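Undergrad: got a predicted model here, sequence first, then my questions.
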Amino acid sequence: MSGSGILLDVKGLRVSFSTPRGKVRAVSDASFSVRRGEVTGIVGESGSGKSVSAYAVLGLLAGNGRVEAGSAVFCGRDLLALGEKELRSVRGNEISMVFQDPMTALDPLFTVGSFLTEVLRSHSPQTGRKEAWKKSVEMLSVMGIRDPEDVMRRCPDSLSGGMCQRVMIAAALLCDPQLLIADEPTTALDVTIQEEILSLIQKLKEERGMSVLFITHDLGVVARLCDRVSVMYGGFVMESCSVDQVYSGAVHPYTKALLSAIPRLDDRGEEPLAALEGEPIDPVHLPEGCVFAPRCRYCFEDCLKTRPETFDLGDGHSAACHLLKKGGKADV
Amino acid sequence: MRQIGAILRNPVSAAALAVLLAIILFCVIYPFVSPYTYWEVNPGDRHQMPSAEHPFGTDYLGRDLLVRMAWGGRVTLSVAFLTGLIAAAAGTLAGIVSGFAGGFADSVIMRVMDAISSVPSLLLAIVFDYLLGMGHGNFLFGIAIAGIPPFARIVRAAVLEIGTSSYVAASRALGAGPVHIIKEHVIHNVMPLAAVQATTSVADALTTCTVLGYIGVSIGAPRPEWGLLFDLGRKQLRSMPHLSLIPALTITVCIVCLYLLGNGIRDSLSAEGDRHER
């Protein structure tokens, strides 16, 4: 791992929410990084802490959420140590975020044009109205919108989901941020539109050298788009590696379980699709040992007693599993 | 504003607005063109039935009812609209502060609102009139204060909802600060709700104002007020029913129009909301 190529380096992130039920450990120990010009995927099921990690990095946690430990170094600064005011100048300017449901992410009362020019002008107040309009139109055409002038005059309620997501991505990129955080940006869209949005992000990465932190639960999307991937479960990062390593040499039982749960086109349906037994963990009462142990096929004594440390397998590949201590990488 | 356009395209609310504007315009202009005044007593013209000279007839002192209705409307309607406005401004502010601050401040503000709404608005108005000096329209403050709690509740609920909406999260992620979010998203999205509530609030104030006039709490005789006119006419209800019916009907028409306008605003706004589904 070359240190200079890392744009965002999150280490040992721990986030909890205080709720009437007790303290919810949404993220217990998450470390991941985004390299310059690369797309890093965070994969995990619902409640695995993938979105919360991203929100925490930008200081966007809900009122009852708290970052308890960890660091998120971005361009030499620890974002988790910044105050709200400094963070505000990072958001939108240096790091932008797009969300899951584009239809509700736009205020229904404003036209696309007034929204985009407002974003631009509030970040750089010296921009004139006409200039802001021109830049916004340009950005919309970069997003592959055919009639940007017309879209600029429309309100979100007359736009399709895919169109709204393009507008959101345009807004996120207006101020030329170095990092785009995409929180399941295609989940609410149908598959053909999904594909268009993914190619758009791919294109932006290639043409603008943009770095992306891409949060998803879809391993297919990861294969399509990401360079590196971190797999999360129960608030822990289980395995981090390049996208090729996931499909060829994943070592963590959870990653393997996820992979085997993907239906394949060439599968004749003779065997039932593999499903992971058991329930996701309860974040209020985390088990003492490995969080995945209760559902793990390879679980043994140590797994129930102690949390596994993260083993560096070289070549940017790391995983947290007791099996690795036994040197049992191959037979997992 | 496209919202205003949508309200005017709704025939019912457009008609209600037209009737209200006609009544207001009449109250403003008629005293200037009428040959009569509200205070001039004409013993020779007592108890006249409606005629070309006196379209609404005259009262027991020979005063022209039409011009007195116009003067009365000035008082009643300005009290109603002014109190509605004060209640709207104060209630919206309280609601925004309450919804945003949360916690202790929220509890205090909302408990104060509960305390206010536990006192009947009539009583509040009479107390204010008594404390601040009677005969100068000081009951207005009582009506205004009584109108604050519903505004505060509606706005607070809306602020809580808007605060957790995706578009606010999205604009925070794009670097928007609290001032921008309140100014752009919260106020703009709360406005339509507040506008609907404002029509109800003005109608309520109108009712309270006329009831006060009816029981004798008014801006001071001989200045007329619709509730007072109704009370005066009531004494000749059998012989000259128009003296009480005209003020009563005018009050009713105004209140109905206000409610219709409020309904129209709400309908046209929800129509805006689901236009893309049609």
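TA: Cool, the structure landed.

Undergrad: how about low-confidence regions in the stretch 201-332 of chain A?
TA: For the stretch 201-332 of chain A, residues meeting the criterion pLDDT under 70 lie at A:267, A:269, A:326-332.

Undergrad: closest point of it to chain B, which residue?
TA: Closest residue of the stretch 201-332 of chain A to chain B, C-beta to the nearest C-beta: A:Leu213 (12.6 Å). C-beta: built from backbone N, CA, C; applies to glycine.

Undergrad: look up phi and psi at that residue.
TA: Dihedral angles of A:Leu213 (phi, psi; degrees, to the nearest 10) stand at phi -110, psi 110.

Undergrad: and B:Gly264, that's in a helix?
TA: Yes - counting by DSSP: H, G, I helix; E, B strand; the rest coil, B:Gly264 is found in a helix.

Undergrad: local confidence estimate at it?
TA: With respect to pLDDT, B:Gly264 scores 86.

Undergrad: on contacts alone, who are the packing partners of the longest helix along chain B?
TA: Longest helix of chain B, by residue count under DSSP state H: helix B:65-101. If you count contacts as 3 or more C-beta pairs under 8 Å, 6 or more residues apart in numbering or on different chains; DSSP states H and E, helix B:65-101 packs onto helix B:11-33, helix B:103-117, helix B:139-163, helix B:187-214, helix B:226-234, helix B:242-273.

Undergrad: determine the angle, from 0 to 180 degrees, between the shortest one and helix B:187-214.
TA: Interaxial angle of helix B:226-234 relative to helix B:187-214 (axes from the mean of the first three to the mean of the last three C-alpha atoms, to 10 degrees): 30 degrees.

Undergrad: now swap in the first one and tell me
TA: The directions of helix B:11-33 and helix B:187-214 differ by 50 degrees, with the same axes, to 10 degrees as the criterion.

Undergrad: around chain B, pick out the residues from the stretch 101-250 of chain A.
TA: Counting by C-beta under 8 Å from any C-beta of the partner chain, the stretch 101-250 of chain A comes close to chain B at A:101, A:104-110, A:118-119, A:122-123, A:157-158, A:168, A:171-172, A:181.

Undergrad: give me that answer again for 7 Å
TA: By the rule C-beta under 7 Å from any C-beta of the partner chain, the part of the stretch 101-250 of chain A lying against chain B is A:101, A:104-109, A:119, A:122-123, A:157-158, A:168, A:171-172.

Undergrad: from these, list just the buried residues.
TA: Neighbour counting over these (16 or more other C-beta atoms under 10 Å in any protein chain shown) leaves A:101, A:104-109, A:119, A:122-123, A:157, A:168, A:171-172 as the buried ones.

Undergrad: restricted to helices, list these.
TA: The helices, defined by DSSP H, take in A:Val119, A:Ser122, A:His123, A:Met168, A:Ala171, A:Ala172 from these.

Undergrad: roughly how far does the fourth one sit from A:Glu279?
TA: For A:Met168, the distance to A:Glu279 under the criterion C-beta to C-beta, to the nearest Å works out to 34 Å.

Undergrad: could you do the third one as well?
TA: Using C-beta to C-beta, one obtains 45 Å as the distance from A:His123 to A:Glu279.

Undergrad: check chain A for the residue nearest chain B and tell me.
TA: A:Gly92 (3.1 Å).

Undergrad: wait, isn't that residue in contact with B:Arg172?
TA: No - using C-beta atoms under 7 Å, A:Gly92 is not in contact with B:Arg172, being 9.2 Å away.

Undergrad: tell me who's in contact with the residue of the stretch 51-200 of chain B at minimum distance from chain A.
TA: Closest approach between the stretch 51-200 of chain B and chain A, counting by C-beta to the nearest C-beta: B:Gly175, at 3.1 Å. The contact partners of B:Gly175, by C-beta atoms under 7 Å, 6 or more residues apart in numbering or on different chains, come to A:Arg88, A:Ser89, A:Arg91, A:Gly92, A:Asn93, A:His123.

Undergrad: tell me the secondary structure at the fifth one.
TA: When the structure is split into helix, strand and coil by three-state DSSP, A:Asn93 lands in coil.

Undergrad: number of nearby residues for it?
TA: By the measure other C-beta atoms under 10 Å in any protein chain shown, the count of residues near A:Asn93 is 17.

Undergrad: quick one, phi/psi of the closest residue to it other than its chain neighbours?
TA: Sequence neighbours aside, A:Cys175 is the residue nearest to A:Asn93 in space, at 5.0 Å (criterion: C-beta to C-beta, 6 or more residues apart in numbering or on different chains). Main-chain torsions, A:Cys175, degrees, to the nearest 10: phi -90, psi 20.

Undergrad: contacts only, for A:Cys175.
TA: Per C-beta under 7 Å, 6+ apart, neighbours of A:Cys175: A:Gly92, A:Asn93, A:Leu120, A:His123.

Undergrad: would you turn those residues into JSON lines with pLDDT?
TA: Compiled in JSON lines, these are given as follows (pLDDT from 0 to 100):
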{"residue": "A:Gly92", "pLDDT": "85"}
{"residue": "A:Asn93", "pLDDT": "86"}
{"residue": "A:Leu120", "pLDDT": "87"}
{"residue": "A:His123", "pLDDT": "86"}
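
Undergrad: show me the one of the helices and strands packed on helix B:65-101 that comes nearest A:Leu7.
TA: Using C-beta to C-beta as the measure, helix B:139-163 is the one of the helices and strands packed on helix B:65-101 that comes nearest A:Leu7, at 31.3 Å.

Undergrad: quick check: angle from the following helix or strand past the closest one to helix B:187-214?
TA: Next helix or strand after helix B:139-163 toward the C-terminus (DSSP states H and E): helix B:166-173. Interaxial angle of helix B:166-173 relative to helix B:187-214 (the same axes, to 10 degrees): 130 degrees.

Undergrad: for the record, mean pLDDT for helix B:166-173?
TA: What helix B:166-173 shows for mean pLDDT is 86.

Undergrad: what's the first helix or strand after that helix?
TA: Counting by DSSP H and E, the element after helix B:166-173 in chain order, helix or strand, is helix B:178-180.

Undergrad: what helices or strands is the helix or strand hosting A:Ser248 leaning on?
TA: Following DSSP H and E, one finds A:Ser248 within helix A:243-249. Judged by 3 or more C-beta pairs under 7 Å, 6 or more residues apart in numbering or on different chains; DSSP states H and E, helix A:243-249 is in contact with helix A:219-225, strand A:228-233.

Undergrad: what does the last one rub up against?
TA: Spelled out, that is strand A:228-233. By C-beta under 7 Å, 6+ apart, strand A:228-233 touches A:30, A:32, A:38, A:40-44, A:48-50, A:222, A:237-243, A:246, A:252, A:254-255, A:258, A:291-292.

Undergrad: same question for stretch A:297-304.
TA: A:Pro253, A:Gly289, A:Cys290, A:Ala293, A:Cys296, A:His322, A:Leu323, A:Val332.

Undergrad: those: which two are farthest apart?
TA: A:Gly289 and A:Val332 (17.3 Å).

Undergrad: what bridges to the residue positioned nearest the centre of chain A?
TA: In chain A, the residue lying closest to the centroid (C-alpha atoms, centre = their mean) is A:Ile215, at 2.3 Å. Beta-bridge pairing for A:Ile215 (DSSP bridges): A:Ile42, A:Asp183.

Undergrad: hmm, it is touching A:Lys50, no?
TA: Yes - if you go by C-beta under 7 Å, A:Ile215 and A:Lys50 touch, sitting 4.9 Å apart.

Undergrad: quick one: the helices in chain A?
TA: Under DSSP H, chain A gives helices at A:50-57, A:84-90, A:112-123, A:129-142, A:148-152, A:161-173, A:191-208, A:219-225, A:243-249, A:253-260, A:301-305, A:322-325.

Undergrad: deepest-packed of those helices, please.
TA: helix A:50-57 (a mean of 25; mean count of other C-beta atoms under 10 Å in any protein chain shown).

Undergrad: so is that helix next to chain B?
TA: No - using C-beta under 7 Å from any C-beta, helix A:50-57 never reaches chain B; the gap is at least 8.7 Å.
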